[in-house]
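Asks: sequence unknown, structure follows:
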């Protein structure tokens, strides 16, 4: 039994054996010609774990016949970077096609000062930088370095690619060829791996090595008997955190309770802060539902209070109830739009004076100056309504609140038309 992991033993050394990422290295791939011609730009490889970033970097070095240096951002500092750059400078020439390649794994873990230390070497052509990251480079790589690199996105392996990878491993690996392995079922392996090729091979090797028989039939039952759990891949501080909460909110906004509870489950299984989820539901209840169903805000607020009080695991039920309620509620963003319009109007018109009739008059002088003059007290009028122009004269008649087209807000529209039809043209704005 080899002590070298299977993923390392069968790591491809050329483009021909490299699986997946056809959009980058296939016949019409955007990176393929650069590799074959040796005209490699500094680049960032961005993709989920186990998608072949390190392998692709090594293949680029092999295919372009360049010196290859590697650093891991986990255990390297500025001193290590400078030492490698000095070696690279002596190994290659400035602005030649044979510039050494410096590969930095998990480059998003480098601090700003560590990333700054790479700038001169990249700018002057002492090295060709290849960085690998699972995080969005827009957030994790400093702009100065990012502007000097091309970004290439690697996708999670497709089902067909993963099956082909397993078949290739059985066919070419010396250790596996000693065993009589039959790949009967792959659903369990694919589910556990989650598109991560390295994890797939690790689990596959674990299952094979745990079997003592002369013939090994790989099926779902055997895999599950050896691998008991499949922790969800979820980075609470990374891009996936923002992607999944975005999908969750958009699903509720789009009135799809099935998608809403799915994304909720993804966050819960990934260990997301449940109060964070509840806060987002509270915001959504006002932003996307608002006065179309005011109970939504009450529901979301009660959900937040309950989650804060009782915690996990029971709070998952409350979050599910609230998410489903909000997803199946009638929607309106009228309140959200209204405050946005109002803020924009304030920015455009500045600090307009409060009309005299609306000003408080606590002193005799203020009364003499006209403060509060001609103000009509609503409760002294029929229907508790008296016409006053409440906006500054410069923006009088501006409509900032447009009721949505739903039963509750249509009743609000009727209320406004009845009282303000000579001042605000709500009837026409509805059309």
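Replies: Noted; the coordinates are in hand. Quantities reported herein were computed from a predicted structural model and do not represent experimental measurements.
Asks: And for residue 40, the neighbour number?
Replies: By the measure other Cβ atoms under 10 Å, the count of residues near residue 40 is 21. For the C-beta atoms, the positions are set from N, CA and C on the backbone; glycine is no exception.
Asks: wait, I meant residue 159
Replies: Neighbour count of residue 159, defined by other Cβ under 10 Å: 11.
Asks: and it, what does it touch?
Replies: residue 190 (Cβ atoms under 8 Å, 6 or more residues apart in numbering).
Asks: quick one, helices of the stretch 151-300 of the chain?
Replies: In the stretch 151-300 of the chain, the helices defined using DSSP state H, counting those that start in this stretch lie at 159-172, 174-177, 187-193, 197-209, 220-226, 239-253, 257-269, 274-284, 295-310.
Asks: distance of residue 281 from residue 174?
Replies: According to Cβ to Cβ, to the nearest Å, residue 281 stands 54 Å off from residue 174.
Asks: So, low pLDDT: which residues of the stretch 301-431 of the chain?
Replies: Scanning the stretch 301-431 of the chain for pLDDT under 70 picks out the ranges 427-431.
Asks: all helices of it, in order?
Replies: In the stretch 301-431 of the chain, the segments counted as helices under DSSP H, counting those that start in this stretch are 315-327, 334-349, 364-368, 407-420, 426-430.
Asks: Residue 281 and residue 174: who's more crowded?
Replies: Set residue 281 next to residue 174 and count neighbours by other Cβ under 10 Å: residue 281 wins out with 25 against 9.
Asks: I'd assumed residue 304 was in contact with that one.
Replies: Yes - using Cβ atoms under 8 Å, residue 281 is in contact with residue 304, at 7.3 Å.
Asks: Ok, which of the helices of the stretch 151-300 of the chain comes nearest residue 389?
Replies: Checking the helices of the stretch 151-300 of the chain against residue 389 by Cβ to Cβ gives helix 295-310 as the closest, at 30.4 Å.
Asks: which helices and strands sit right next to the closest one?
Replies: Counting contacts by 3 or more Cβ pairs under 8 Å, 6 or more residues apart in numbering; DSSP states H and E, helix 295-310 packs against helix 274-284, helix 315-327.
Asks: buried sites along the longest one?
Replies: Read that as helix 315-327. 315-316, 318-320, 322-327 (16 or more other Cβ atoms under 10 Å).
Asks: List the contacts of it.
Replies: With contact meaning Cβ under 8 Å, 6+ apart, helix 315-327 is reached by 248, 251-252, 255-257, 260-261, 264, 268, 274, 277-278, 281, 284-285, 288-289, 296, 299-300, 303, 306-307, 310.
Asks: Now do it and helix 274-284, the angle between them.
Replies: 10 degrees (axes from the mean of the first three to the mean of the last three Cα atoms, to 10 degrees).
Asks: And for the closest residue in space to residue 47 that isn't next to it in sequence, the neighbour number?
Replies: Nearest residue to residue 47 in three dimensions, chain neighbours excluded: residue 154, at 3.0 Å (Cβ to Cβ, 6 or more residues apart in numbering). Using other Cβ under 10 Å, residue 154 is surrounded by 20 other residues.
Asks: Surely residue 154 and residue 49 touch.
Replies: No - Residue 154 lies out of contact with residue 49 (Cβ under 8 Å); the separation is 10.4 Å.
Asks: sorry, back to before: turn the helices and strands packed on helix 295-310 into TSV, including distance to residue 90.
Replies: Converted to TSV, the helices and strands packed on helix 295-310 look like this (distance: least, Cβ to Cβ, whole Å):
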stretch	distance to residue 90
helix 274-284	50
helix 315-327	59
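Asks: Ok, which of the ones you listed comes nearest residue 335?
Replies: helix 274-284 (11.8 Å).
Asks: now the closest one: mean pLDDT?
Replies: Helix 274-284 carries an average pLDDT of 93.
Asks: Show me what that helix is packed against.
Replies: Partner elements for helix 274-284 (3+ Cβ pairs under 8 Å, 6+ apart): helix 239-253, helix 257-269, helix 295-310, helix 315-327.
Asks: how about residue 64, what does it touch?
Replies: So residue 64 contacts 35, 38, 40, 97, 101 (Cβ under 8 Å, 6+ apart).
Asks: Could you give me the ChimeraX selection string for whichever of these are buried?
Replies: Buried residues within the contacts of residue 64, by 16+ other Cβ under 10 Å, are selected in ChimeraX with:
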select :35,40,101
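Asks: Pick the one among the contacts of residue 64 closest to residue 390.
Replies: Using Cβ to Cβ, residue 40 comes nearest to residue 390 of the contacts of residue 64, at 65.5 Å.
Asks: Tell me how far the residue nearest the centre of the chain lies from residue 270.
Replies: The chain has residue 243 as the residue nearest its centroid, 2.5 Å off, counting by Cα atoms, centre = their mean. Going from residue 243 to residue 270 by Cβ to Cβ gives 12 Å.
Asks: what does residue 39 give?
Replies: Taking Cβ to Cβ, one finds residue 39 at 41 Å from residue 270.
Asks: Neighbour count for the two, which is higher?
Replies: Applying other Cβ under 10 Å to residue 39 and residue 270 shows that residue 270 carries more neighbours, namely 16 against 10.
Asks: Just the local confidence number for that one, please.
Replies: Per-residue confidence at residue 270 stands at 82 (pLDDT).
Asks: coming back round to it: got the contacts of residue 64 as TSV, with distance to residue 66 columns?
Replies: TSV is the format used below for these (distance: Cβ to Cβ, whole Å):
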residue	distance to residue 66
35	11
38	8
40	8
97	8
101	5
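Asks: What's the end-to-end length of stretch 128-138?
Replies: End-to-end span of stretch 128-138 (Cα to Cα, to the nearest Å): 20 Å.
Asks: Ok, stretch 356-374 next?
Replies: End-to-end distance of stretch 356-374 (Cα to Cα): 9 Å.
Asks: For it, give me every contacting residue.
Replies: Outside stretch 356-374, the residues that reach it (Cβ under 8 Å, 6+ apart) are 375, 388-390.
Asks: From the residues you listed, pick the one nearest residue 219.
Replies: residue 390 (73.5 Å).
Asks: Against residue 283, how distant is the spatially closest residue to the closest one that is not a sequence neighbour?
Replies: Spatial nearest neighbour of residue 390, excluding adjacent residues (Cβ to Cβ, 6+ apart): residue 358 at 6.5 Å. Residue 358 sits 32 Å away from residue 283, going by Cβ to Cβ.
Asks: Then residue 426?
Replies: On the measure of Cβ to Cβ, residue 426 and residue 283 end up 27 Å apart.
Asks: Looking at these two, which is more packed in?
Replies: The neighbour comparison of residue 426 against residue 283 (other Cβ under 10 Å) goes to residue 426, with 21 against 13.
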